[in-house]
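>>> Build me a model:
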Amino acid sequence: MKRSGPLYTLLGGLLLALFMLSLNATTGTGNSSYGEDSPGAASPAPSSPAPSKSDPSKSPTDDPSKEPSKKPSKKPPAKAEYAGRTDDDTSAVSISIRDGKAIAYFCDGRNTESWLKGNVDDDGSMRLTGKHGAKLDGTLRDDDKVRGTVDIDKKTWDFTANRAKKPSGLYRATTEVRGAEVDGGWIVLPDGSQVGILKRDGKPAPAPRLDPETGAVPFDGGRLTARPVVP
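The predicted model follows:
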């Protein structure tokens, strides 16, 4: 029995070696560490990128819904006249432009008037001011009209003034008659109608009709001469 000990030991070692060889054949001989790709291992499927909320290669104007609104304005001409009525048809507005400067006249033909002046910006916008806080905000549009508002004595009027050709436009007469100061303003509209106020010593009254061809205005048994107004 004592001689069989080494034999059993040898036999056990042989069986252990056969078991280890069988185990390696079953599991492979890879020696990669956890987290690294091993030879023959399937590569993980690439994950789909999260959808982007915006494409940086596109500008906001590529989306019609985000296209900035176009300002209906144009560069002002060096010389132009505009004349028109307020939206409520109670008054008239005339504007004369020369080299980036403008003078305007608002008149209801009865007792409310205002002379305003200021600059015209390169984009066709203008902000003209007059006495007692009067102001005119307007924009020269692509269709050759000035659209805006006039504020006088805490009242506001919307207006549209069309491009005018002589004899349409803005006229004024200032003089002294029999010791009285006389100041008159006229707007001749494109349809030939006129709106104006004539003041004698500051008291307003509807202006008599002027002759646009000559500027003659009948007044107090005589006549005045009205002339086109420019800045």
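>>> contacts, neighbours, all on C-alpha from now
OK.
>>> Which parts of this structure are helices?
Counting by DSSP state H, the chain has helices at residues 4-27.
>>> Please parse it into its domains.
79-163, 169-228 (automatic domain parsing).
>>> Could you say which of those domains is packed most deeply?
Most buried of the domains of the chain, by mean neighbour count (mean count of other Cα atoms under 10 Å): domain 79-163, with a mean of 19.
>>> Quick check: pLDDT value at K74.
For K74, the pLDDT comes out at 74.
>>> and what of the one 10 residues further on?
With respect to pLDDT, G84 has a value of 97.
>>> Would you mind measuring from the residue lying closest to it once chain neighbours are set aside to W186?
Among residues not flanking G84 along the chain, A161 sits closest, at 3.9 Å (Cα to Cα, 6 or more residues apart in numbering). Note on A161: its distance to W186, by Cα to Cα, to the nearest Å, is 15 Å.
>>> show me the contacts for the residue nearest to G84.
By Cα atoms under 8 Å, 6 or more residues apart in numbering, the contact list for A161 reads 82-85, 93-95, 145-147.
>>> May I see the residues you listed arranged in a markdown table, with distance to V195 as well?
Shown next, in a markdown table, are these (distance: Cα to Cα, whole Å):
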| residue | distance to V195 |
| --- | --- |
| Y82 | 14 |
| A83 | 11 |
| G84 | 10 |
| R85 | 10 |
| V93 | 9 |
| S94 | 10 |
| I95 | 14 |
| K145 | 19 |
| V146 | 18 |
| R147 | 19 |
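>>> so which of those would you say is closest to K203?
Nearest to K203 among the contacts of A161: V93, at 20.7 Å, using Cα to Cα.
>>> you'd agree that closest one is up against A83?
Yes: assessed by Cα atoms under 8 Å, V93 is found in contact with A83 at 5.8 Å.
>>> Now the common contact residues for those two.
161, 187.
>>> Skipping adjacent residues, who's closest to D122 in space?
Nearest non-adjacent residue to D122, counting by Cα to Cα, 6+ apart: K75, 5.3 Å away.
>>> I figured that neighbour hits T139, correct?
No: the criterion here is Cα under 8 Å, and K75 misses it with T139 at 10.0 Å.
>>> where do the contact lists of these two overlap?
With Cα under 8 Å, 6+ apart, K75 and T139 have common neighbours G124.
>>> By mean pLDDT, point me to the weakest helix or strand of the protein.
Among the helical and strand segments of the chain, the one scoring lowest on mean pLDDT, DSSP states H and E is helix 4-27, with a mean of 57.
>>> For this structure, which residues score under the pLDDT cut-off?
Applying pLDDT under 70 to the chain flags the ranges 1-73.
>>> Quick check: bridge partners of L116?
Beta-bridge pairing for L116 (DSSP bridges): A104, G130.
>>> residues in contact with it?
By Cα under 8 Å, 6+ apart, the residues touching L116 are 103-105, 128-131, 134-136.
>>> picking up where we left off before, bridge partners for the residue nearest to G84, pull those for me.
Bridge pairing for A161 - DSSP bridges - gives G84, V146.
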